[in-house]
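**Student:** Model the structure of this input:
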Amino acid sequence: MNNNVYLIDHPLVQHKLTLMRRKDASTRTFRTLLNELSMLMAYEVTRDMPLQAVEIETPLETTTGHVIDGKKLVFVSILRAGNGILEGMLNVVPGARVGHVGLYRDPKTLEPVEYYFKMPQEMEERDVIIVDPMLATGNSAVAAVRRIKQLKPKSIKFVCLLTCPEGIAAMQKAHPDVPIYTAAIDRQLNEHGYILPGLGDAGDRIYGTK
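**Tutor:** Residues are numbered from 1 along each chain as shown. From the prediction side, this is the model:
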């Protein structure tokens, strides 16, 4: 944990991430591992979610238990690769709402261009968790957070599998109030904006495209 960056270093998370990095991992294997990894990361990211007391009947007596209000949580996927993390997170919090931000990276400028934006209603009552497998240049993440902040949600967190010093620096410069949760902080970006050693293009590996 450093400057609002939370490294999720649980052994199962690290194990699955290592298997995903392998270039010979099939599309099916990559997708399955991402789903499992996302569920594991969801436990850490939602650790401080508020609980409310409810009265229930056990087979033996009445007692007070605690539940989360999943409807107050919004997972926001940065399309298209974010959907790979979204699925696993929804397995853990199936009552959550879902938003989508469509951004593509201009291949020449590496700057994000928005083409889609759809969020649930009454965002000011909700806690937002933005998901995208890679925080590389940080441009897309910065743009997505900026756009979502316009809706004034209660809180925003950003979750990625991998990041690098450049991506963290870009996010913290633009949005120092948004915590970053990641499974690994890799060495650097290459000249094409890819994380090294990384795992390649997450979207291509999830969907089997090139």
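**Student:** So what does residue 56 have for phi and psi?
**Tutor:** phi -130, psi 160 (degrees, to the nearest 10).
**Student:** partner residues bridging it?
**Tutor:** residue 63 (DSSP bridges).
**Student:** Next, give phi and psi for the spatially closest residue to residue 92 that is not a sequence neighbour.
**Tutor:** Using C-beta to C-beta, 6 or more residues apart in numbering and skipping the chain neighbours, the partner closest in space to residue 92 is residue 42 (4.2 Å). C-betas here are computed from N, CA, C, even on glycine. Note on residue 42: backbone dihedrals following degrees, to the nearest 10 are phi -60, psi -30.
**Student:** ok, which stretches of the protein are strands?
**Tutor:** 5-7, 51-57, 62-68, 73-79, 97-105, 112-118, 127-131, 134-135, 155-163, 180-185, 188-189, 195-196 (DSSP state E).
**Student:** Include distance to residue 31 and mean neighbour count when you put those strands into TSV, please.
**Tutor:** TSV is the format used below for the strands of the chain (distance: least, C-beta to C-beta, whole Å; neighbours: other C-beta atoms under 10 Å):
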stretch	distance to residue 31	mean neighbour count
strand 5-7	24	16
strand 51-57	32	9
strand 62-68	27	10
strand 73-79	15	23
strand 97-105	18	18
strand 112-118	22	13
strand 127-131	15	24
strand 134-135	16	27
strand 155-163	13	23
strand 180-185	16	22
strand 188-189	25	16
strand 195-196	19	18
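**Student:** Would you tell me which of these gets closest to residue 20?
**Tutor:** Ranking the strands of the chain by distance to residue 20, with C-beta to C-beta as the measure, places strand 155-163 first at 7.7 Å.
**Student:** neighbouring strands for that closest one, and are they parallel or not?
**Tutor:** Partner strands for strand 155-163, per DSSP bridges, with pairing direction: strand 127-131 (parallel), strand 134-135 (parallel), strand 180-185 (parallel).
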